[in-house]
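Chemist: Need a 3D model of the following:
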Amino acid sequence: MFLRFVNFRQVESMQAKEGIFRVAGDLVERNDVDQSTINRTETLLVWFADNLEAPEKFNKTKSKGYYRKNTKGLSWFKPTAIEHINRAFQLKMVLDENGYPIEVIKSSRLGYILYEDEYQIIAEPFSDTRVA
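Modeler: Got it, this is the predicted structure:
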């Protein structure tokens, strides 16, 4: 099963919940969070930045203006990405403790594959893929 870590907030222009990295960015920008929590969060985000590719596009279009198209692709961890998943659970714990409840969605039917590497798949969901 592939895993996706999400918050309850809906992504504008999509029928999907907000992913864990965007939520973590919101936590780091808050003024009412203690420095220890910010440090833990930033340490995890830096680890992901160093160890997880950030795909260039999250939609199916092949046109030159792909970056202007609505993003529909969702990120999923592969079940073999053990270290990445462990760190995502650590980040989930920090976010849960600070008022950002994170749900783990599991699926084996992701959608149209837009990007894939050793640790993740970016897929535009099929109409019956659970994204929320």
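Chemist: What residues of the helix or strand encompassing Tyr115 count as buried?
Modeler: Counting by DSSP states H and E, the element that carries Tyr115 is strand 112-116. Within strand 112-116, the residues scored as buried using 16 or more other C-beta atoms under 10 Å are 114-115. In short, each C-beta sits where N, CA and C put it, glycine included.
Chemist: Report the strands that pair with it, each with its relative direction.
Modeler: The sheet places strand 112-116 alongside strand 120-124 (antiparallel), with pairing taken from DSSP bridges.
Chemist: sorry, back to before: distance between the strand holding Tyr115 and the chain's centre?
Modeler: Distance of strand 112-116 from the chain centroid (C-alpha atoms, centre = their mean, to the nearest Å) equals 14 Å.
Chemist: what do you get for stretch 82-98?
Modeler: Relative to its chain's centre, stretch 82-98 lies at 12 Å (C-alpha atoms, centre = their mean).
Chemist: which residues are in contact with the lengthiest strand in the chain?
Modeler: Criterion DSSP state E: the longest strand present in the chain is strand 2-10. Contact with strand 2-10 is made by 16-20, 23, 74-79, 85, 88, 91-92, 95, 100-108, 110, 121, 131-132, as judged by C-beta atoms under 8 Å, 6 or more residues apart in numbering.
Chemist: what helices or strands is the helix or strand just after it leaning on?
Modeler: As assigned by DSSP H and E, the chain's next helix or strand after strand 2-10 is strand 17-19. Packing contacts for strand 17-19, counted by 3 or more C-beta pairs under 8 Å, 6 or more residues apart in numbering; DSSP states H and E, involve strand 2-10.
Chemist: If we use 10 Å, what do you get?
Modeler: Counting contacts by 3 or more C-beta pairs under 10 Å, 6 or more residues apart in numbering; DSSP states H and E, strand 17-19 packs against strand 2-10, strand 74-77, strand 102-107.
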